[in-house]
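Enquirer: prediction below, plus the sequence it came from.
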Amino acid sequence: MLSHLKHNAIAYTALFVALGGTSYAAVKLPKNSVGATEIKAGAVASSEIKDRSIKTTDLAAKTRAALKGQQGAAGASGAAGAAGAAGEKGDKGEKGDTGATGATGPAGPVDVVQRALTGEPISTSFNAVGALPLPEGSWLVTASVVVDNNGGKNTYVECSLWTPDGRISLTAASTVLSAVADPAISSNRLSEMTLSATTAAPSGGRSVTLLCQRTDGATGSSPVVTADVQFLGTRATTITNQ
């Protein structure tokens with residue numbers, strides 16, 4: 001045993017120094033003497049890292065970008081910003097297509113009403129020779145009457161304009177000679193008269209009626225007296241009674 005130690009004393013001494021020196025070095029490492037080259041890849045695990053000791057600045061930029069927490073609650077709305085300046089006027093747009101034709105509107109008020117009657121008989125008592133229906137409104141009515149005496153007696157004819165409220169015109173009168181009084185002058189048989197009046201037609205309208213009668217002469221055969229009537233109604237803006 002002693003002989004063995006003597007022959008291997010150097011070897012055992014080297015082994016002791018090696019073992020003892022390693023332990024000494026591990027315990028007595030100087031501050032900041034361990035760098036990236038002294039740490040084995042994968043040697044540092046979660047258990048070797050102190051909790052909450054890693055900061056975001058210790059992480060690579062790519063790692064920091066990959067971090068994403070839970071979405072927070074929506075923040076309060078900010079105050080409305082000031083109105084911006086008005087923009088420049090835009091270019092004029094193209095002309096649009098023509099729109100569809102609209103529906104026909106209601107008929108407007110009638111301003112003129114006309115009616116022509118031919119050969120209406122005139123009797124010996126007032127009778128309606130003709131009438132002009134008028135819509136609602138104020139009207140000026142004119143009746144042009146041509147009396148024809150086609151009999152053997154002279155006759156005296158009176159005419160006036162009436163509404164349901166009563167007479168509205170003056171009475172026009174004319175003596176109409178008979179056809180045989182002077183056969184060579186045919187115009188003796190005819191007599192013209194014109195009547196005019198104003199009236200206000202209520203809602204629903206009203207008619208203006210021409211009433212005429214004749215008074216025959218004492219001699220000769222009974223005449224056949226007729227009238228041609230031309231009615232004209234013109235709408236009036238106002239009616240002034242004088």
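Expert: Noted; the coordinates are in hand. Residues are numbered from 1 along each chain as shown.
Enquirer: make it CA atoms for all contacts and neighbour counts henceforth
Expert: OK.
Enquirer: buried sites along stretch 201-213?
Expert: 201, 206-213 (16 or more other C-alpha atoms under 10 Å).
Enquirer: will you turn these into CSV that also has pLDDT and secondary structure?
Expert: Output for the buried residues of stretch 201-213, formatted as CSV (pLDDT from 0 to 100; DSSP: H, G, I helix; E, B strand; the rest coil):
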residue, pLDDT, secondary structure
Ala201, 93, strand
Arg206, 94, strand
Ser207, 96, strand
Val208, 97, strand
Thr209, 97, strand
Leu210, 96, strand
Leu211, 96, strand
Cys212, 96, strand
Gln213, 94, strand
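Enquirer: after the helix or strand of the chain with the lowest mean pLDDT, next one along is what?
Expert: Across the helices and strands of the chain, mean confidence by mean pLDDT, DSSP states H and E is lowest for helix 9-27: a mean of 49. Following helix 9-27 in sequence order, the next helix or strand is helix 61-66 (DSSP states H and E).
Enquirer: and that next one, average pLDDT?
Expert: The average pLDDT within helix 61-66 is 76.
Enquirer: for stretch 165-178, same thing?
Expert: Mean predicted lDDT for stretch 165-178 stands at 88.
Enquirer: what's next to that stretch, contact-wise?
Expert: Contact with stretch 165-178 is made by 147-162, 188-199, 223, as judged by C-alpha atoms under 8 Å, 6 or more residues apart in numbering.
Enquirer: flag every buried residue along it.
Expert: So stretch 165-178, judged by 16+ other C-alpha under 10 Å, has buried residues 167-169, 172-178.
Enquirer: which pair in the residues you listed spans the largest distance?
Expert: Pairwise distances across the buried residues of stretch 165-178 (C-alpha to C-alpha) peak at 30.0 Å, for the pair Ile168 and Ser178.
Enquirer: quick one: Ala200 and Val141 touch, right?
Expert: No: contact criterion C-alpha atoms under 8 Å: Ala200 and Val141 do not qualify, at 10.5 Å.
Enquirer: among those two, which residue is more densely surrounded?
Expert: Val141 (25 against 18; other C-alpha atoms under 10 Å).
Enquirer: next, the contact list for the more buried one, please.
Expert: Contacts of Val141 by C-alpha under 8 Å, 6+ apart are 196-199, 208, 231-234.
Enquirer: that one sits in which helix or strand?
Expert: According to DSSP H and E, Val141 maps onto strand 137-149.
Enquirer: beyond that strand, next helix or strand please.
Expert: Counting by DSSP H and E, the next helix or strand C-terminal to strand 137-149 is strand 155-163.
Enquirer: and that next one, which strands flank it?
Expert: If you go by DSSP bridges, strand 155-163 pairs up with strand 166-167 (antiparallel), strand 172-176 (antiparallel), strand 206-216 (antiparallel).
Enquirer: reformat these as TSV; add distance to Gly87.
Expert: Shown next, in TSV, are those (distance: least, C-alpha to C-alpha, whole Å):
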stretch	distance to Gly87
strand 166-167	74
strand 172-176	79
strand 206-216	64
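Enquirer: the ones you listed: which one's closest to Ser125?
Expert: The nearest among the strands paired with strand 155-163, by C-alpha to C-alpha, is strand 206-216 at 4.9 Å.
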